[in-house]
Every structure is written in structure tokens, then in C-alpha cells.
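Student: quick one, what's the 3D model for this:
(3 chains)
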Amino acid sequence: MAAIFTGAPPNSGPGYSFTQTPAPTSASEPRQHAFYPYTDNGGSTLGISSSTFTILAGDTRSTSGYNINTRYAPKLFHIDSADPSSRLVLSVVGFAADGEALAERLDTVVKMYRYQHGKTISVGAAAQRLSHVLYGKRFFPYYVHAILGGLDEEGKGALYSYDPVGSYEREQCRAAGAAASLIMPFLDNQVNYKNQYMAGSGVGHELQQRDPRPLERKEVEELVRDAFTSAVERHIEVGDGLQMMVITKEGVEEVYRELKKD
Amino acid sequence: MSSPFSINGGACVAMTGKDCVAIACDLRLGLQALTISNNFPKIFSYSPSVYLGLTGLATDVSTVADLFRYKVNMYRLREERQIAPRTFANLVSSSLYERRFGPYFVSPVVAGIDDGGKPFICGFDSIGCIDFAKDFIVSGTASDQLLGLGPEDLFETISQALLNAVDRDALSGWGAHVYIIEKDKVTKRLLKGRQD
Amino acid sequence: MNHLPQAWGRPRDDIYGAYNHAHLAPSHPTTHTQSPIVTGTSVIALKFRGGVVIAADNLASYGSLALHRREAAEKFNDKAVLGFGGDVSDMQYLDRYLNALAIRENYSSGSGAGEKASSTSTDASEEERAESLDNEGAGTGMAANNLHKYLQKLLYRRRSDFNPLWNHILIAGLSSPPPNAPDASPQPFLKSVDLLGTAFGAPSLATGFGAHLAQPILRRVVPDEEAVKKIDEATAVEAIRECMKVLWYRDARSLDRYSLAVVTKEGVRLSEDERVEGQSWEFAEGIRGYGTQVV
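Tutor: The predicted structure follows:
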């Protein structure tokens, strides 16, 4: 990358007429550093979308190694909350400083969109912008797993999940962070009814999968609570508090609930 | 990925119910991402009501399974009785600890019903530390995924737990064996599962 | 001139000789701070009803060599105190930097502009809110929460440039009222920021060794924000002094002289010459098993 800026001639093109062409200086070579610019602050997040709402949730513990930094560090951010018609919530888990920087970037992007176009950004457009923001730092990534929740143009729940460099996908449900591998199979089973079949629908390939249906708000909140109380039992980086944001056409409602503090 | 515990892949889970226990495993044998076989059971029986699940390095799974067959046969000849699950668990533990500084790369799970008809399950690390559990034990590359679910109807629960877990683990799957062990009855079922 | 545009405007080899790059190119890669040199140890702080107490010992260490005497806690203004852990030279750089900032703030905000905006309506437009915030800050300087945000941005930027300021800083003081309630009384504020830009707040905080030794003790005093409202200044100061004693007992890179600051709405009380009092080393008699004693 940096070789472009050294003043050296391009490899494919003609060289200088000098006997000695500018060689790439050592400054452009990879530098060695003992300093590592990332850390993992633990915790887990999850999102589930349904026909009329989306729920995002995350625990509020912040860790570094075996230390608990604080019992209340939110991982959920209401984007452009100054706009009463904003229905966007971003959850970030991984390196907390990058997560907060990312949330602020997206907040600015969404605000700028509103100022420039005089309307609130759609969740699909915001999702794509977020992907671009993440990919913009492809070679020094935001070390986070982001989940973006909102309502689409039809008023249906929308949920987008991201990898740290901006690959994204719209999904029904997604768990991220430290306890993602514990929670995700539970969500497959209980939200998308994976491995569940209709009784008496046949054998082998005749078996009919149980059709996923849009879940009620109460059901989803219970799934979220169950997922987190179980994750707290088995993962030491998850605990202290559960922050939930429920996105409906009425607005964004925040719910906080205690989790075990051990 | 190059850890001996995750070269071949595999998953195993045991659960207790009312007067019964269940133990289940997947059937995959792989070499990293390449699947070698879809019929490699990881559960072995050592008496009518003592079962051992072994995940980890496949060569050690076979070696350890045979080693315990030999040891349990010798026990039965000497004692003229079947080995009890708790006795077997202690045999597993001490046998693994004998290899403390050159261990078998396996994560065993024991499930059975003891003489009083009470359910018994436990798990081990590769050098024999026993983890006695009341509810359930998991081992293998999908063990993280297996921890999410809790027990209700035993067969349905263990099957759902295992299938949903191995579907989220690239190194496990391709069918499963489930044993439901009651006081004087053992039911073995083959689950087809996803073949991809 | 020749037909190679890359060479236009450059000294010609046939006249001036080949350019010697050794003059320009550094022979080793540019490196920034890779590890702290002279360091300060733990800083601990605790919120109480109406304020915050913060303490740090006065030792600067060069590895295991004790250099004694450092300014561990800095008064920023009447509303904010900083406690520094980590590299002392980076701390002194930040101190100079923040002093310049404070002076600039005091000039630009002016002394006569103390008039508070009377707009308290919650449906005020964003511009009005921003304006009232400016006036609120006038003549009184940045509140602790503003200072914390500033430092977080600074440290995060420096880590992103791979040139970190090797500190873990506690910012203690009083926060400015939220924009929708400009007349609300200032609340106790305590947050930290580290060399990566990681920021978090809690009823009690501790850096370095204090995170292991002092934080558990402090969390018993104030487990949550509810508990903060229930304890008074005297209890909080006593808890902090007790923690400084524990740190002096068990942290090898610590000193029995420390600075202690209390921030309330009356202002900052900073004392830089506190001593660990009521020491008793009797407990050391009972300690066995470090290899020096036989049974």
C-alpha cells in the first residue's frame, strides 16, 4: 500500500533516467510495534426481528482480562435520538472504544442525511452506509461485531448483522460477542424452528419443517431473557445487567433488567 | 485448528431425566475441513447400563475405547460382576491421570444408571479431572454451542440440543446416535440430521 | 528534458550525480512509544453524595527504582480533578497541554458572561440548546464530563495513530447539567480513559494494581449508583484512605505518601502531602509460604 507514496516509479511503467531511482525508504516498510491497539471488552449482544418490531439486547458488563471495568457500560446506541421519527438502534460488541467511535460515526452520518435530504434515513440505506463505514477501515478495522435494528419501509422489523470489515446480511435473529456460540443455536431452534418438524408429516425427505412465524413481543422478550440468563451461567464475561431496546412504530423503548453479578 | 482436540471434530452430550439418562454423539470423522467418514460413532458401552462418550483425537478415541474394554473385561473376570458407573468413572479418571504428562487427547463423558437405579453422569478433562454434574455434560468441538439448552422431555431435549449445536459447528454433524438408558432398558436411536 | 515525466523537475544524474538516499532515509523504522518508562502506580476514586474523592500516591518508578515525588493528581479547574497512572512523561505532556487548554478556555469564555440562559423549555430547538450550553459553561470552564470526553477523543486518536499516550486516567469532579435541564444541580462524575481510548464510568474506579486490591474494597462501600446517594464525604474519604493503606502494604511500587482530592460544589480541596496513618505490619508475621521461612 504505502509503496504508492514513496516517489518510486511504478513497477510496470518506465523508470527514471537516473542510474539510481528512489528506492522505497524503510519508513514505508512494515513497522514493528509492541503496542497493540485493540483489546476485548467481552460481553454479548443479540437481536431478533419480527413482523412489527425489532428487539436488540446486550449485557452491560465491561471487562478487560479477568477484571470487571464497570457493571454498567451500554452496548446499545439509539442512533439520531434527536429525531423523533428515528427508529435505528446499533449494538456493538468487541473493542468498546471502537464500538463507541462507530456509533458516533453512524450517528453523524444519519444526522447529515437528515439535514441534507430533509427526511429520516431508511433502515436499508443506513445499513448500507454502516457497511461502507466499516469497510472504509478495512486495513485498520473497527474491532466490533455490529448489529443494526430498525423498521423497514413496510413497518416490518429489520435486523442487519455485520462482521468487523463490513460484510452484512439481513436476518431474523443474530447473537454476537463472547457468548454468541452459546446463544446462536438456541435462537436457530426457538426463532427459526430449526430441526423442528410437523408431527406425522412423514419420514425422511417427506418431513415438513415447522414453519417459522412472526413472534409476539412478549415471546421475544422471554427468549432474550432466557438466552442471557443462560449465557451468564456459562460465560464469565457476560453479566451484571441486561439492556434491551424495543423498536416499534411508536418509538424506541429501553428496558433494563438486572443479571447475576458473579 | 491444529489443536489435537479439534482436528477430527465431534460432539457428545449426556443428560439426566427422571430415573433415566441419555447420551448422544454425532457421527462425523474429519481431517480439518475434509470429512473422511459419516459413520464414526463416539459412544461405547461397558456394561448394560454404563456408557462412555469420547470426543477428541480419533486415534485416541479408538485407543482409549479399546483400553477401557480391556480394563472392564479384566474387572468383570476378577469381580464376577458388572462395573458400576461411578466405579467406571474413577477408572477413567485414574487411567487418564497415569498419562498426566503425555495425555490422550480425548474429552470423555460417562452416563449410566447405578445399582440403586439412580441416574449418573459425569465428564472429564483429558488428564482425568472429574466434573460431576446433576443436569448435563458436554464435550467436543461443539461444546460451546451445546451449553445453551436445558432439559425437559429427555430424548427430544438431548436430540434438539445436539442437532442444533452441530448445525452451528463446521467440524461436527452428519447424523447422530442417541442412547436413552433406563433401569432395565436401553433405547438406541439413529438420527439422520443434516448431511451437509 | 527527456521523455520520462517522472524525471522532470528532478536534478539530473549526469550533472549532479546520483542522489544519495542515505541522507534522507532513516536507517531504522520510526517508532513511537512501545512501553512506558517512568511510571506512576494506582489511582483510586470514589463517588459520594454531592462529590467525588480521588487519591494517588506520590511515587514515580523507573522500573523497580523508586524516584519519589510526582504530581499524581492534577486540579484542572474548580469542577474537575485528574488522576494519572502509567507513564509520567506522558502525564506531564498532558498536564502542559491541558493547562494551555484551561487558559484558552478562560480567555475565550470571558469573566463577565456569567449570565445563564433562562430558556428551560424542553421543546427548545437544537440551536437554542447548544447556545444555552455555551452560556452555561461561560466563566466556569469545562465540567468534568466535558474534560473526560475531550481526553477520550485525544487518547483514542493517539492510539489510532499508533502513537499512544501511555496512561490510564481517572477524571473526577462534577458534571455539567444535561441540555434539557440546564438548572439541574451538578452531579458527581467519575469516569476513566486508558491508552486505547477505552472509557467507562462507575461508582468507584481504580487503575493498575488498585483494580485488583482497592476496587473490591471500594465496591463493598458503593456497589451501585443508589449506594452513592447514601454515603457522605467522611465515609468516602475514610474508605479511600483505607485503600491507600492496603496498597501501601501490598503494592511493591507504592509509597506511604499520597495526594488526595475532594471535589464538591464548594470546589476542589487538593492535598498533596497525605500520609498513610495507623500502619500495622503485624499481619506480616502470620504470612507463610513464600520460600524464605521454614514452617
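
Student: where's A:G118 relative to A:D83, distance?
Tutor: Going from A:G118 to A:D83 by CB to CB, to the nearest Å gives 11 Å. C-beta here means a position set from N, CA and C on the backbone, and glycine is covered the same way.

Student: measure how buried whichever residue of the stretch 151-295 of chain C sits closest to chain B is and give me the count.
Tutor: The minimum distance from the stretch 151-295 of chain C to chain B, using CB to the nearest CB, falls at C:G289 (24.1 Å). Neighbour count for C:G289, taken as other CB atoms under 10 Å in any protein chain shown: 7.

Student: kindly report the same for A:G150.
Tutor: 25.

Student: show me what contacts the closest residue to it other than its chain neighbours?
Tutor: Spatial nearest neighbour of A:G150, excluding adjacent residues (CB to CB, 6 or more residues apart in numbering or on different chains): A:V123 at 3.5 Å. Neighbouring residues of A:V123 by CB atoms under 8 Å, 6 or more residues apart in numbering or on different chains: A:87-88, A:148, A:150-152, A:158, A:160.

Student: which residues touch A:S64?
Tutor: Neighbouring residues of A:S64 by CB under 8 Å, 6+ apart: A:39-41, C:198.

Student: let me see the ranges of the helices in the stretch 151-295 of chain C.
Tutor: Here the stretch 151-295 of chain C has its helices, by DSSP state H, counting those that start in this stretch, at C:210-213, C:215-221, C:225-230, C:233-250, C:282-285.

Student: what are the buried residues along stretch B:115-132?
Tutor: For stretch B:115-132, a neighbour-count test (16 or more other CB atoms under 10 Å in any protein chain shown) marks B:119-124, B:126, B:128, B:130 as buried.

Student: okay, which residue is most central for chain B?
Tutor: Chain B has B:G53 as the residue nearest its centroid, 1.8 Å off, counting by CA atoms, centre = their mean.

Student: which secondary element of chain C has the worst mean pLDDT?
Tutor: Ranking every helix and strand in chain C by mean pLDDT, DSSP states H and E puts helix C:126-137 at the bottom, with a mean of 40.

Student: let me see the ranges of the strands in the stretch 51-200 of chain A.
Tutor: For the stretch 51-200 of chain A, the strands defined by DSSP state E, counting those that start in this stretch occupy A:54-59, A:62-64, A:67-70, A:76-79, A:88-94, A:144-151, A:157-162, A:168-170, A:173-177.

Student: wait, chain B
Tutor: Using DSSP state E, the strands found in chain B span residues B:11-17, B:20-26, B:29-31, B:34-37, B:43-47, B:50-56, B:106-113, B:119-124, B:130-132, B:136-140, B:176-182, B:185-191.

Student: could you export those strands as CSV, including mean pLDDT?
Tutor: Shown next, in CSV, are the strands of chain B (pLDDT from 0 to 100):
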stretch, mean pLDDT
strand B:11-17, 92
strand B:20-26, 94
strand B:29-31, 94
strand B:34-37, 92
strand B:43-47, 97
strand B:50-56, 97
strand B:106-113, 96
strand B:119-124, 95
strand B:130-132, 95
strand B:136-140, 89
strand B:176-182, 93
strand B:185-191, 92
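
Student: between the ones you listed, which gets nearest to C:G83?
Tutor: strand B:130-132 (43.8 Å; CB to CB).

Student: ok, residues contacting that closest one?
Tutor: Contact with strand B:130-132 is made by B:89-90, B:93, B:122-125, B:137, as judged by CB under 8 Å, 6+ apart.

Student: give the partner strands of that strand in its sheet and their orientations.
Tutor: Using DSSP bridges, the strands paired with strand B:130-132 are strand B:119-124 (antiparallel).

Student: neighbouring contacts of the strand it pairs with?
Tutor: Here strand B:119-124 makes contact (CB under 8 Å, 6+ apart) with B:14-17, B:19-21, B:23, B:85-86, B:89, B:92-93, B:96, B:107-114, B:130-133, B:136-139.

Student: quick one: mean pLDDT for the lengthiest helix in chain B?
Tutor: As assigned by DSSP state H, the longest helix anywhere in chain B is helix B:58-79. Here helix B:58-79 scores 97 as its mean pLDDT.

Student: could you check the angle that helix makes with strand B:106-113?
Tutor: Using axes from the mean of the first three to the mean of the last three CA atoms, to 10 degrees, the inter-axis angle of helix B:58-79 relative to strand B:106-113 is 40 degrees.

Student: before we move on, back to that, as JSON lines, the buried residues of stretch B:115-132 with distance to C:N163 would be great.
Tutor: Converted to JSON lines, the buried residues of stretch B:115-132 look like this (distance: CB to CB, whole Å):
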{"residue": "B:P119", "distance to C:N163": "61"}
{"residue": "B:F120", "distance to C:N163": "60"}
{"residue": "B:I121", "distance to C:N163": "55"}
{"residue": "B:C122", "distance to C:N163": "53"}
{"residue": "B:G123", "distance to C:N163": "48"}
{"residue": "B:F124", "distance to C:N163": "49"}
{"residue": "B:S126", "distance to C:N163": "45"}
{"residue": "B:G128", "distance to C:N163": "50"}
{"residue": "B:I130", "distance to C:N163": "51"}
